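heads up, no residue letters with this:
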């Protein structure tokens, strides 16, 4: 396992906060890192969705009604069913965030949410 050095001042702050929350520093840091990794994955999928929207007009005539998988703006694979496509992407890319989306007449909708709140990773 890789060890990561943490500056002493940060370690002290983490230990203090962990004590205040009734947990240990390792658990607190792992929770934070898990949260940050999830946010990074979500950001990558949002970026990939933007690439898909930019290419939608070229993809729709060829892949209408199918599911496609994209990574870094590149079409990786397609299938009429999401399950087999998802399996192939997991086998090929593991936990890497790959966009899998249906190709419909309209590209992915942009959802506007009022007062979105992210859950506090320390709760």
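Received the coordinates, thanks. These figures come from a predicted structure and were not determined experimentally. Numbers count the residues shown, from 1 in each chain.

neighbours of the nearest residue to residue 99 once chain neighbours are set aside, just the number please.
Leaving out its chain neighbours, the residue that sits closest to residue 99 by Cβ to Cβ, 6 or more residues apart in numbering is residue 48, at 3.9 Å. All C-beta spots, glycine's among them, are computed from the backbone N, C-alpha and C. Counted with other Cβ atoms under 10 Å, the neighbours of residue 48 add up to 22.

residue 48 falls within a helix, correct?
Yes: under DSSP: H, G, I helix; E, B strand; the rest coil, residue 48 sits within a helix.

correct me if wrong: it contacts residue 71.
Yes: using Cβ atoms under 8 Å as the test, residue 48 is close enough to residue 71 to be in contact (6.9 Å).

quick check: closest non-adjacent residue to the residue most central in space within the chain.
In the chain, the residue lying closest to the centroid (Cα atoms, centre = their mean) is residue 41, at 2.4 Å. Counting by Cβ to Cβ, 6+ apart, residue 41 lies nearest to residue 97, which is 4.6 Å off, once chain neighbours are set aside.

distance-wise, check the one you found relative to residue 37.
From residue 97 across to residue 37, the span is 10 Å (Cβ to Cβ, to the nearest Å).
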